[in-house]
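**Student:** Quick one, what's the 3D model for this:
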Amino acid sequence: MFFDPMYIVLVLLPGLAISGIASLMVKSAFNRYSKVRSIRGMTGAQAAQVLLDQAGIHDVRIVPAHGFLSDHYNPLSKELALSEQVYSSNSVAAIGVATHEAGHAIQHATHYFPLWARSALVPMASIGSNLGLIVMAVGLFISQFVVILGAILFGSVLLFQLVTLPVEFNASSRAKRLVVEAGIVYPEERVGIDAVLNAAALTYVAAAISTLLTLLYYLWRAGLLGGGRRD
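**Tutor:** Sure, this is the predicted structure:
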C-alpha cells in the first residue's frame with residue numbers, strides 16, 4: 001500500500017472538519033437548551049408518549065437507554081429508547097429529541113416509504129462499508145474495473161445515507177409541528193426544539209459528504225475522474 005498526502009488533503013481533513021463542526025453544533029445546542037425547562041414541565045418520555053397516543057400507536061414501548069444522546073427507535077422490537085439525558089428530563093432539548101424519535105415510530109406505523117427503503121438498504125450498506133474501501137484500495141494496484149466494483153459496493157453506503165436524510169428531516173418536521181399542536185410546548189418554545197433538531201440533522205449531512213468525498217477520491221485516484229493517476 002502507499003501513503004498519499006492527497007487523501008489527507010481531499011478526504012481526511014475536510015471530513016474531520018465537517019463532522020467535527022456538526023458534532024460541536026449538536027452538543028452546543030443540546031447543552032444550551034437542556035438547561036431550559038419546558039413551561040408545561042413534561043419529560044421527554046411523557047412527550048413521546050403523548051405523540052404516540054395521539055397517533056393511535058399503542059404497541060411501542062418507551063424505555064431508558066444508556067449513553068449520551070443514544071436515543072433511537074427500533075422498528076423490529078418496537079422500542080423507543082431514550083437516553084438518560086432525555087428520558088426523565090423536562091428540558092426543551094429533551095422534548096425535541098424524544099419527539100423526534102416518536103416521529104420515527106409514527107413513520108413506521110404509517111408505512112413511510114423512505115423509512116422502509118432505509119431498512120431494506122441496511123444489509124447492502126453493511127457489506128459495502130466493510131468491503132467497499134478494501135476493494136477500491138486493492139483495485140488501485142490491479143485495474144480500474146476492480147475500483148469500479150469497490151465503488152459500487154461503497155456507493156451503497158452513500159445511497160443509505162442519502163435515503164436517511166429525508167427520514168431524519170421528516171421525523172424532525174413532524175416533531176416540530178406536533179409538539180405545538182399537542183400542547184406539549186408553547187409556540188415560543190419551538191426555537192429551542194428547532195435549534196436542537198436542526199443541528200442534529202447536520203450530522204447526517206456531514207456523514208453523507210464524508211462518504212462522497214471518499215468515493216470521489218478513489219475514482220479520481222484510479223483515473224476515472226479527470227486528473228487522477230494510478231502510479
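**Student:** Sketch out the helices for the chain, chain order is fine.
**Tutor:** For the chain, the helices defined by DSSP state H cover 5-7, 13-33, 44-54, 84-87, 92-109, 113-139, 144-181, 190-221.
**Student:** Check the offset of the fifth one from the chain's centre.
**Tutor:** The offset between the C-alpha centroid of helix 92-109 and the centroid of the whole chain comes to 13 Å, using C-alpha atoms, centre = their mean, to the nearest Å.
**Student:** Just give me the residue closest to the centre of this protein.
**Tutor:** In the chain, the centroid-proximal residue (C-alpha atoms, centre = their mean) is Tyr204; its distance is 4.1 Å.
**Student:** For this structure, give me the ranges with low pLDDT.
**Tutor:** Scanning the chain for pLDDT under 70 picks out 1-2, 227-231.
**Student:** ok, Met136 to Arg177 distance?
**Tutor:** Remark: distance between Met136 and Arg177 (C-beta to C-beta, to the nearest Å) = 42 Å. C-betas here are computed from N, CA, C, even on glycine.
**Student:** Met25 now?
**Tutor:** Distance from Met25 to Arg177, by C-beta to C-beta: 22 Å.
**Student:** Pick out whichever of those two has more residues nearby.
**Tutor:** Using other C-beta atoms under 10 Å as the criterion, Met25 and Arg177 rank with Met25 on top: 18 against 13.
**Student:** List the residues that contact the more buried one.
**Tutor:** The neighbours of Met25, taking C-beta atoms under 8 Å, 6 or more residues apart in numbering as the test, are 199, 202.
**Student:** Now with 10 Å, please.
**Tutor:** 195-196, 198-200, 202-203, 206 (C-beta atoms under 10 Å, 6 or more residues apart in numbering).
**Student:** likewise Gln46?
**Tutor:** By C-beta under 10 Å, 6+ apart, Gln46 lies in contact with 40, 62, 87-88, 90, 95, 98, 184.
**Student:** among those, which two are most distant?
**Tutor:** Within the contacts of Gln46, Arg40 and Ile62 form the most distant pair, 18.0 Å apart (C-beta to C-beta).
**Student:** These two: which is more packed in?
**Tutor:** More crowded of Arg40 and Ile62, by other C-beta under 10 Å: Ile62, with 21 against 14.
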